[in-house]
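S.K.: what's the 3D shape of this:
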Amino acid sequence: MIGNSKEVESNQDGIHPDLEELVSRYLDSEFRRPIADHTREAFDAAANFVSHFQTPIILDSGCGTGLSTLALAKKFPENPILGIDKSEIRLSKATARGEEIQIPENVFYVRAELIDFWRLAKSADWNIQFHALFYPNPWPKKSEVRYRFHGHPIFPTLVKLSPQLELRTNWKIYADEFAFALNLAAKHFSLRTNISEEIFTPENPITAFEKKFHESHHTLWKVRFENLSFPIYTR
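M.R.: Okay, the predicted model is just below:
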């Protein structure tokens, strides 16, 4: 799989024409889908883990096989790091890695639906100070815009979950749309923010996807969001 990843193909050539209307509608509403019992159980297990720490929480949403979670654990050695993914197969590779290396004590892997886990974390008023969203499914067809996180009713919760959020993607349109939606949210909620979008080249790829995309010579994009209305934990 090294160096043979295809670029994202789409019948969409810019920011989706319906995105502003979608985001604006969701910013004035609340997502109320029932949360499954298994997600509540996963959240309770994660809540028990983070309760043993006195420092803010770091989220690695869609962590896959957990490489990015380990990288975040090195960057934030005193914080609880939650690697969340819905795939049992991917998470089994993350936990199996413990047979080869020692998983840091501040790492906890959680199998859960991201959208519902985020809602539970927001309802519990968790102190999440950094949220990583690395290489989410781009849902590249024009008709799939509502499946992208910024085109979904969960987006307001995502914005409010943490004062620091970083998205990485290999699809420029996803990065453009995400930054566009963040700016709409910041204006709607009257937030003081820093929102940036840039091309970057990873010195040490942080996920398996990042490694594959980099070796395939894809352009990689990073969108960073800082909500200056809340204190930011910088360690």
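
S.K.: what's near enough to touch the closest residue to A73 other than its chain neighbours?
M.R.: Leaving aside its sequence neighbours, A73 sits nearest to P104 (Cβ to Cβ, 6 or more residues apart in numbering; 4.3 Å). All C-beta atoms are positioned from the backbone trio N, CA, C, and that covers glycine. Contact analysis of P104 by Cβ atoms under 8 Å, 6 or more residues apart in numbering lists L70, A73, K74, P77, I81.

S.K.: Isn't F209 up against Y135?
M.R.: Yes. In this structure F209 lies within contact range of Y135 using Cβ atoms under 8 Å: 4.3 Å.

S.K.: From Q164, how far off is S196?
M.R.: 12 Å (Cβ to Cβ, to the nearest Å).

S.K.: what does E144 give?
M.R.: Using Cβ to Cβ, which is the criterion applied here, E144 is 28 Å from Q164.

S.K.: same question, L67
M.R.: Relative to Q164, L67 is positioned 20 Å away (Cβ to Cβ).

S.K.: Next one: the spatially most central residue of the chain, what pLDDT does it get?
M.R.: With distances taken as Cα atoms, centre = their mean, the residue of the chain nearest its centroid is L133 (2.1 Å). L133 carries a pLDDT score of 98 in this model.

S.K.: What is the three-state secondary structure of it?
M.R.: strand (DSSP: H, G, I helix; E, B strand; the rest coil).

S.K.: again with A96
M.R.: Here A96 is helix, with the state taken from three-state DSSP.

S.K.: same check, this time on F180
M.R.: Once three-state DSSP is applied, F180 turns out helix.

S.K.: need the helix or strand of this protein with the lowest average pLDDT.
M.R.: helix 88-96 (a mean of 87; mean pLDDT, DSSP states H and E).

S.K.: Show me which residues of that helix are buried.
M.R.: By neighbour count with 16 or more other Cβ atoms under 10 Å, helix 88-96 contains the buried residues R90, L91, A94.

S.K.: Return the list of helices and strands in contact with that helix.
M.R.: strand 81-85, strand 107-111 (3 or more Cβ pairs under 8 Å, 6 or more residues apart in numbering; DSSP states H and E).

S.K.: if you compare these, which one is most tucked away?
M.R.: Burial of those is given as mean neighbour count (mean count of other Cβ atoms under 10 Å); strand 81-85 ranks first at a mean of 27.

S.K.: for stretch 60-72, what is the average pLDDT?
M.R.: Rounded mean pLDDT across stretch 60-72 is 95.

S.K.: How far off centre is it?
M.R.: In terms of Cα atoms, centre = their mean, to the nearest Å, the centre of stretch 60-72 is found 10 Å from the chain centre.

S.K.: export it as PDB, just CAs?
M.R.: Extracted C-alpha coordinates of stretch 60-72, given in PDB (Å, rounded to 0.1, in the frame of the first residue of the first chain):
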ATOM      1  CA  ASP A  60      -8.200  11.600  19.000                       C
ATOM      2  CA  SER A  61     -11.400  11.000  17.000                       C
ATOM      3  CA  GLY A  62     -11.300   8.400  14.300                       C
ATOM      4  CA  CYS A  63      -8.000   7.100  15.600                       C
ATOM      5  CA  GLY A  64      -8.000   4.000  13.400                       C
ATOM      6  CA  THR A  65      -5.100   1.700  14.500                       C
ATOM      7  CA  GLY A  66      -4.100   4.200  17.200                       C
ATOM      8  CA  LEU A  67      -0.700   5.500  15.900                       C
ATOM      9  CA  SER A  68      -1.900   9.100  16.200                       C
ATOM     10  CA  THR A  69      -3.100   8.400  19.700                       C
ATOM     11  CA  LEU A  70       0.400   7.300  20.700                       C
ATOM     12  CA  ALA A  71       1.900  10.400  19.100                       C
ATOM     13  CA  LEU A  72      -0.500  12.600  21.100                       C
END
